[in-house]
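Asks: From the sequence below, what's the structure:
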Amino acid sequence: MSLTMDRRELLKTVSMGAATAFFSGSGEGTVRAEQAAPFKTKMPLNPLPKALVFDTFGSVVDWRGSIIEEGAAWGKAKGLKIDWARFADRWRSGYGPAMDKVRRGELPWTKLDDLHRMLLEDLLKEFEIQRLTEEEKDHWNRVWHRLKPWPDSVPGLSRLKKNYVIAPLSNGNFALLTNMAKHAGLPWDAILSAELARHYKPDRETYLMAAELLGIQPKETMMVAAHVGDLQSARACGLRTGFIYRPLEHGLGGKADKANPGDFDVVARDIFDLASQLGT
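Replies: As a prediction, the model looks like this:
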């Protein structure tokens with residue numbers, strides 16, 4: 001066996017082990033996530049939802065690992081010595097406050113690409129990254145378009161797609177989500193962006209927009225996310241809810257949201273487990 005392991009295999013191995021530890025109370029065992037018995041929901045889902053809409057950043061794609069990986073390669077080429085993990089965390093930490101400025105009316109409606117660019121300008125000063133051209137800044141800002149999926153995302157979504165309409169329901173803008181899907185091979189049936197509602201989650205307009213555009217009732221729509229707050233807000237709007245566990249969203253040792261069976265309509269280890277519980 002090779003002594004080295006590529007990023008995707010490492011993520012798969014560690015995330016499966018962490019998911020097993022969370023759901024079983026032990027990190028032991030060799031059962032693969034897609035082979036493990038599904039977690040039991042609080043009650044049978046009757047009727048089943050007609051569409052599943054997914055939070056994207058952290059739930060479907062690995063924003064932190066992707067930025068660290070691309071930043072390390074970019075920094076090496078530019079001769080930069082940067083703590084890319086801290087850089088990624090600082091960029092992401094500005095996300096919520098920036099959207100709050102839009103909600104409070106301190107900024108007009110501003111798509112996420114432009115909010116990311118505003119935050120990037122501050123980060124370049126903070127990390128003393130100088131003499132970048134506008135083209136270089138734009139390319140780096142679009143790293144959010146090039147995020148890599150978690151190992152189970154593409155095959156898991158492909159399974160769900162057989163029986164359900166699937167789409168992102170993300171604060172990412174339409175072009176960002178479209179480019180991300182193309183880059184990562186995400187098999188969406190549609191792109192549902194907060195940009196279409198001109199409201200950022202957790203505003204109720206965003207959740208209700210998803211059901212309206214899909215031509216179904218909120219109760220026929222399941223919001224799937226790795227973030228408890230997102231699901232609680234969706235449930236308050238009448239959507240069904242599915243939790244998936246992403247122990248590595250904030251890196252090894254980072255704090256990830258957790259849920260117990262019964263907290264939501266479905267609580268799953270990952271998208272494979274979600275598909276199993278939904279009969280796909």
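Asks: Could you export stretch 255-274 as PDB, CA atoms only?
Replies: Extracted in PDB, the C-alpha atoms of stretch 255-274 (Å, rounded to 0.1, in the frame of the first residue of the first chain):
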ATOM      1  CA  LYS A 255     -16.600  22.400  15.700                       C
ATOM      2  CA  ALA A 256     -19.300  20.900  13.400                       C
ATOM      3  CA  ASP A 257     -23.000  20.900  14.000                       C
ATOM      4  CA  LYS A 258     -24.500  17.700  15.300                       C
ATOM      5  CA  ALA A 259     -28.000  16.400  15.500                       C
ATOM      6  CA  ASN A 260     -29.800  13.400  17.100                       C
ATOM      7  CA  PRO A 261     -32.400  11.200  15.600                       C
ATOM      8  CA  GLY A 262     -35.700  13.000  15.800                       C
ATOM      9  CA  ASP A 263     -34.200  16.500  15.800                       C
ATOM     10  CA  PHE A 264     -35.200  16.700  12.100                       C
ATOM     11  CA  ASP A 265     -37.300  14.600   9.700                       C
ATOM     12  CA  VAL A 266     -34.100  12.800   8.700                       C
ATOM     13  CA  VAL A 267     -30.700  12.800  10.400                       C
ATOM     14  CA  ALA A 268     -28.000  11.100   8.300                       C
ATOM     15  CA  ARG A 269     -24.300  10.400   8.300                       C
ATOM     16  CA  ASP A 270     -23.900  11.700   4.800                       C
ATOM     17  CA  ILE A 271     -25.700  11.800   1.500                       C
ATOM     18  CA  PHE A 272     -25.400   8.100   1.000                       C
ATOM     19  CA  ASP A 273     -27.300   7.500   4.200                       C
ATOM     20  CA  LEU A 274     -29.800  10.200   3.400                       C
END
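Asks: residues of that stretch that come out buried?
Replies: The neighbour-count check on stretch 255-274 (16 or more other Cβ atoms under 10 Å) flags 256-257, 259, 264-274 as buried. Using the backbone N, CA and C atoms, a C-beta is placed for each residue, glycine as well.
Asks: Which single one of those is nearest to residue 245?
Replies: Set against residue 245, the nearest of the buried residues of stretch 255-274 by Cβ to Cβ is residue 269 (5.8 Å).
Asks: Was I right to think the closest one contacts residue 246?
Replies: No. The criterion here is Cβ atoms under 8 Å, and residue 269 misses it with residue 246 at 10.1 Å.
Asks: tell me the mean pLDDT over the host helix or strand of residue 136?
Replies: Here residue 136, judged by DSSP states H and E, is contained in helix 134-141. For helix 134-141, mean pLDDT rounds to 96.
Asks: list the buried ones in it?
Replies: Burial within helix 134-141, assessed by neighbour count using 16+ other Cβ under 10 Å, is assigned to 140-141.
Asks: Remind me what it packs against, helices and strands.
Replies: Secondary-structure packing of helix 134-141 (3 or more Cβ pairs under 8 Å, 6 or more residues apart in numbering; DSSP states H and E): helix 112-126.
Asks: which helices and strands sit right next to the helix it packs on?
Replies: helix 84-93, helix 95-103, helix 134-141, helix 174-184.
Asks: Make TSV from the ones you listed and add distance to residue 237 to it.
Replies: Formatted as TSV, the helices and strands packed on helix 112-126 follow (distance: least, Cβ to Cβ, whole Å):
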stretch	distance to residue 237
helix 84-93	25
helix 95-103	16
helix 134-141	31
helix 174-184	20
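Asks: Please parse this structure into its domains.
Replies: Following the assignment in automatic domain parsing, the chain carries domains at 40-62+147-277, 64-146.
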